[in-house]
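S.K.: take a look and give me a structure for this.
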Amino acid sequence: MHPRHSTLNTRPSGTVFIVDDDASVRRALMRLIKSAGFEVQAFASARDFLEYWRIGDERPGCLVLDVRMPGLSGLDLQQELQAANALLPIIFITGHGDIPMSVKAMKEGAVDFLPKPVKDKVLLNAIEQALERAVRERSVHDELDDIRRRLDSLTPRELEVLRLVITGMLNKQIAYRLGTVEKTIKVHRARVMEKMQVDSLADLVRLAEKIEIPAKETEVPEQ
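M.R.: Numbers count the residues shown, from 1 in each chain. So this is what the prediction gives:
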């Protein structure tokens, strides 16, 4: 009987990528992970995986990664994926790991660091956590991309107005700051709200915070 978390009703979706130079280990891991109902693909080297991954597969996934491999090591692959902003949580497995290596891997964002031979239940639990994290990170990534697309639709003047609006300045204060009239600022502000797809100043501020739009530094003029 498979662990409860491996049922179709509870397990997260996504692909488990195995990267290990030992063919017997790859086969054993594939059998285990497939038996738990996960989609799985295996690679004999970090380079093989990178050649595949660069195709641009954006489905949620995670890596079950051997630390010590000929050529590009598991830690090297972790660094390459980080440099590429890959959303692929990593579970390291090794028969040769030591404490400093595991600490480095975890500091760099690994989900877990498991010694060989890894226990089936422990590995499957780690995979479930990694895929859940991948789904969350993908959702956040997609949301931020959507907000940035909205931001890119603003004109330079609308962006300037947005940066002043989120400081809490009133329309007449912004008009004074930009050397124009309040009616013009009202028009710009309405367009900003429409393009950013928000109904309130609070919503606009929240979007700005999510993508870290800097507020326009200014002194609010006396009224």
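
S.K.: the helix or strand of the chain with the lowest mean pLDDT - contacts with which helices or strands?
M.R.: When each helix and strand of the chain is scored by mean pLDDT, DSSP states H and E, helix 99-107 comes last, with a mean of 73. If contacts are counted by 3 or more CB pairs under 8 Å, 6 or more residues apart in numbering; DSSP states H and E, helix 99-107 sits against helix 74-83, strand 90-94, strand 112-115. Glycine gets a C-beta too; all of them are placed from N, C-alpha and C.

S.K.: just the pLDDT for the spatially most central residue of the chain.
M.R.: Using CA atoms, centre = their mean, the residue of the chain that lies closest to the mean C-alpha position is E137, 3.7 Å off. For E137, the model assigns a pLDDT of 88.

S.K.: and what of the one 10 residues further on?
M.R.: Confidence per residue is given as pLDDT, and for I147 that number is 95.

S.K.: which residues are in contact with it?
M.R.: Applying CB atoms under 8 Å, 6 or more residues apart in numbering, we find I147 in contact with 196, 207, 210-211.

S.K.: let's go with 7 Å and repeat that
M.R.: By CB atoms under 7 Å, 6 or more residues apart in numbering, the residues touching I147 are 207, 210-211.

S.K.: for P89, same thing?
M.R.: Counted by CB under 7 Å, 6+ apart, P89 has contacts 62, 111, 130, 133-134.

S.K.: now the two most distant members of those residues.
M.R.: Taking CB to CB, the two most distant members of these are V111 and A134; they sit 9.5 Å apart.

S.K.: so which bits of the strand or helix carrying L159 are buried?
M.R.: Using DSSP states H and E, L159 maps to helix 156-165. Within helix 156-165, the residues that count as buried by 16 or more other CB atoms under 10 Å are 158-165.

S.K.: what would these look like in TSV with pLDDT and distance to D120?
M.R.: Output for the buried residues of helix 156-165, formatted as TSV (pLDDT from 0 to 100; distance: CB to CB, whole Å):
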residue	pLDDT	distance to D120
E158	95	56
L159	95	53
E160	94	58
V161	95	58
L162	96	53
R163	94	54
L164	95	58
V165	94	55
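
S.K.: closest one of those residues to H188?
M.R.: For these, the nearest to H188 is V161 (4.4 Å; CB to CB).

S.K.: how is this protein partitioned into domains?
M.R.: With domains defined by automatic domain parsing, the chain comprises 4-141, 153-210.

S.K.: using a markdown table, please lay out these together with distance to I147.
M.R.: Formatted as a markdown table, these follow (distance: least, CB to CB, whole Å):
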| stretch | distance to I147 |
| --- | --- |
| domain 4-141 | 11 |
| domain 153-210 | 5 |
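
S.K.: point out where this protein drops to low pLDDT.
M.R.: Within the chain, the set of residues satisfying pLDDT under 70 comprises 1-12, 55-58, 96-99, 215-223.

S.K.: all helices of the protein, in order?
M.R.: Using DSSP state H, the helices of the chain run over 23-35, 46-53, 74-83, 99-107, 120-152, 156-165, 171-178, 182-196, 201-210.

S.K.: next, the angle from the second one to helix 74-83.
M.R.: I take that to be helix 46-53. If you take axes from the mean of the first three to the mean of the last three CA atoms, to 10 degrees, helix 46-53 sits at 30 degrees to helix 74-83.
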